[in-house]
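> how would this look folded up:
(one chain, ligands or ions: 1)
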Amino acid sequence: KGLRVADKGFLNTAVIQSTITYIDGEAGVLRYRGYPIEQLALHSSHLETAYLLLYGQLPTRDQFRLFEKEVMHHSAVHADAETFFRSFRYDAHPMAMLTSAFAYLGSYYSEANPSLQGQTLYTRSTKAALENMDKQIYRIIGKATTLAAMAYRVRQGRDFVIPPPGLSYTSQFLYLMDHMGQEDYKPSPVLAKALDVLFLLHADHELNASCTTVLQTGSSLVDPYSAVAAGCASLYGPLHGGANEAVIRMLISIGKPENVPAFLDAVKRREKVLSGFGHRVYKTSDPRSFIIRRTADEVFKVAGKDELLETAMALHDAAIKDDFFVSRRLAPNVDFWSGLIYRAMGFPLDFFPVLFAVPRVVGWLAHWRQMMMQQGGVKIWRPRQVYVGAGKRDYVPVEQRE
Ligand code: CMC
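Now for the predicted structure:
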């Protein structure tokens, strides 16, 4: 009662206090726990940044060694997961598989499920509760790459690979996907490093649709596997994590640089969307897009230039000067270039959102952990609506309806 205006799309609603990620959308600034994204991309690694996002400080050498050991130790999945992945249709979208796989994973860990353990499982700040929470976090980050690689291989009708020890997070991920039985196979260090930078850039972006979904789901005190599955479902959409896939489909449909003006005219007539442009928060270029552009050049040196690059550059250069986009402050976002890198690295198109989801589990879990530990406990997220439907009316039997 009394609510008259709905905040459609949550444009003006802050739902939580956070110390994790800072964005200044006007100035194009992104910081994780106070550290500029540019410095982290240059000097840190995805797993070190994961520690930073989760625990608020850069780790000491020993803290990092322990964290990396815990995460990598959890990369193996139960052998029954093979049957699970083989039960999908031959052309199942990898994001549908990954989303289901996280929920499936939760069924193995009853100690993660508050309804089996009593409601205060995560909200108690006891040592045991914190250790339990962190164990689920290590498991989810450790197994995310393995589950993603299984979704990748099952689509190709290939056997699964057991995670080998001694590799970095992204090297192991490349190994799990690309190993085809060669004894001496080693993933390219340049590609593993590029993927690591991309993972770090994608690790968190405060309360985007998927992170909000994770928190909304988690606010019912459900286990984190279910919350992460919900986050994956949200990320799958073309306005969010599916945008990198949509960019490539758009570039393929444009075909060549000469067709760019006609495409932009169609966007202005509202017949098309310029995927990879625009952002709810950034009203200038997304700072991650500059780093990704540089990373793309590194990858192209090893993997060869993507044939769509020229079309992408022509589209980018025309759009950033075009009044339609300038007046609406629509600039390139993180997805404009990332798809071209993934394509050059040989990933299939529908795997691109998975490459967004795997690193983003870190951000989701950092926000989930923060919410669970907040002072005063968790309050279930239950927004209000502005009801504009019919007033009270009486039921009419079917024979009397017109
Ligand atoms: N192409 C054409 N027009 C656009 C675009 C676009 N990419 N983005 C926004 N607009 C127009 C929109 O139609 C509106 O025009 P008008 O004021 O005349 O009605 C104006 O620009 C303002 O946009 P909005 O829809 O109010 O912006 P929003 O904050 O609700 O949406 C967005 C943000 C990211 C969903 C949107 O910009 C979009 O659809 N972009 C394309 C998809 C994309 O690249 N998504 C990835 C986002 S970054 C990574 C991530 O979060 O996953």
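
> helix or strand next in line after the helix or strand of the chain with the lowest mean pLDDT, which one?
Ranked by mean pLDDT, DSSP states H and E, the weakest helix or strand in the chain is helix 114-117, scoring a mean of 66. Per DSSP states H and E, the first helix or strand lying C-terminal to helix 114-117 is helix 127-155.

> and the helix or strand following that next one with helix 127-155, angle?
Counting by DSSP H and E, the next helix or strand C-terminal to helix 127-155 is helix 169-178. Using axes from the mean of the first three to the mean of the last three Cα atoms, to 10 degrees, the direction of helix 169-178 lies 40 degrees away from that of helix 127-155.

> for the ligand, what are the nearby residues on the stretch 101-250 of the chain?
Proximity of the stretch 101-250 of the chain to the ligand, by Cβ under 6 Å from any ligand atom, involves residues 208, 239-241, 243. Glycine gets a C-beta too; all of them are placed from N, C-alpha and C.

> filter those down to the buried ones, ChimeraX style.
To isolate the buried subset of those in ChimeraX, counting by 16 or more other Cβ atoms under 10 Å, use the following:
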select :208,240,241,243
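
> and the residue of the stretch 101-250 of the chain nearest the ligand?
Residue of the stretch 101-250 of the chain nearest the ligand, by Cβ to the nearest ligand atom: A243 (3.5 Å).

> before we move on, the earlier item: turn the residues of the stretch 101-250 of the chain next to the ligand into JSON lines, including distance to F263, secondary structure and pLDDT.
Formatted as JSON lines, the entries for those read as follows, by distance: Cβ to Cβ, whole Å; DSSP: H, G, I helix; E, B strand; the rest coil; pLDDT from 0 to 100:
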{"residue": "N208", "distance to F263": "27", "secondary structure": "coil", "pLDDT": "95"}
{"residue": "L239", "distance to F263": "19", "secondary structure": "coil", "pLDDT": "87"}
{"residue": "H240", "distance to F263": "22", "secondary structure": "coil", "pLDDT": "87"}
{"residue": "G241", "distance to F263": "23", "secondary structure": "coil", "pLDDT": "87"}
{"residue": "A243", "distance to F263": "16", "secondary structure": "helix", "pLDDT": "87"}
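
> now for the residues of the stretch 101-250 of the chain next to the ligand, which pair is the farthest apart?
N208 and A243 (11.4 Å; Cβ to Cβ).

> out of the residues of the stretch 101-250 of the chain next to the ligand, which comes closest to P189?
Checking these against P189 with Cβ to Cβ, the nearest one is G241 at 26.8 Å.

> right, and that closest one touches L355 too?
No - proximity of G241 to L355 does not meet the contact threshold set by Cβ atoms under 8 Å, at 9.1 Å.

> where's whichever residue of the chain sits closest to the ligand relative to I320, distance?
The shortest separation between the chain and the ligand is 2.3 Å, found at G278 (distances taken as Cβ to the nearest ligand atom). G278 sits 12 Å away from I320, going by Cβ to Cβ, to the nearest Å.

> list the residues that contact both of these two?
When Cβ atoms under 8 Å, 6 or more residues apart in numbering defines a contact, the residues bordering G278 and I320 alike are A331.

> comparing those two, which shows the higher neighbour count?
Comparing G278 with I320 by other Cβ atoms under 10 Å, the one with more neighbours is G278, at 19 against 14.

> that older thread, spit out the contact partners of the residue of the chain closest to the ligand.
Contacts here follow Cβ under 8 Å, 6+ apart; on that basis G278 touches 328, 330-331, 333.

> is stretch 255-262 anywhere near the ligand?
No - using Cβ under 6 Å from any ligand atom, stretch 255-262 never reaches the ligand; the gap is at least 13.9 Å.

> what does that stretch rub up against?
The list of residues contacting stretch 255-262 from outside it, by Cβ under 8 Å, 6+ apart, reads 254, 310-311, 313-315, 318.

> give me that answer again for 7 Å
Taking Cβ atoms under 7 Å, 6 or more residues apart in numbering as the criterion, the residues outside stretch 255-262 that touch it are 254, 310-311, 314-315, 318.

> of the contacts of G278, which are in range of the ligand?
Among the contacts of G278, the ones lying near the ligand by Cβ under 6 Å from any ligand atom are 328, 330, 333.

> count of residues packed around the nearest residue to W364 once chain neighbours are set aside?
Excluding its sequence neighbours, the residue lying closest to W364 (Cβ to Cβ, 6 or more residues apart in numbering) is V214, at 4.2 Å. Applying other Cβ under 10 Å, we find 29 residues neighbouring V214.

> go on, D91?
Residues near D91, counting by other Cβ under 10 Å, number 7.

> shouldn't it be within a strand?
No - counting by DSSP: H, G, I helix; E, B strand; the rest coil, one finds D91 to be coil, located in no strand.

> start the count at 38, not 1, going forward
Taking 38 as the first residue, the last one we looked at is D128.

> what sits closest to it if chain neighbours are left out?
D128's closest residue in space is R192 (Cβ to Cβ, 6+ apart), at 7.5 Å.

> now A264: how far from Y141?
Distance check for A264 against Y141: by Cβ to Cβ, it reads 14 Å.

> could you list the low-pLDDT ranges of the stretch 38-187 of the chain?
Screening the stretch 38-187 of the chain residue by residue with the criterion pLDDT under 70, one finds the ranges 38, 152-162.

> still on that earlier bit, ranking by neighbours, what's the top pick from the ones next to the ligand among the contacts of G315?
Counting neighbours by other Cβ under 10 Å, N370 leads the ones next to the ligand among the contacts of G315 with 24 neighbours.

> now that one: how far from T86?
20 Å.

> cool, and K164?
With distances taken as Cβ to Cβ, K164 is found 26 Å from T86.

> R192 now?
Using Cβ to Cβ, one gets 29 Å for the distance from R192 to T86.

> which of these two has more neighbours?
When R192 and T86 are compared for neighbours, T86 comes out ahead with 25 against 19, by other Cβ under 10 Å.

> the more buried one: what's it in contact with?
So T86 contacts 69, 77, 237, 240 (Cβ under 7 Å, 6+ apart).
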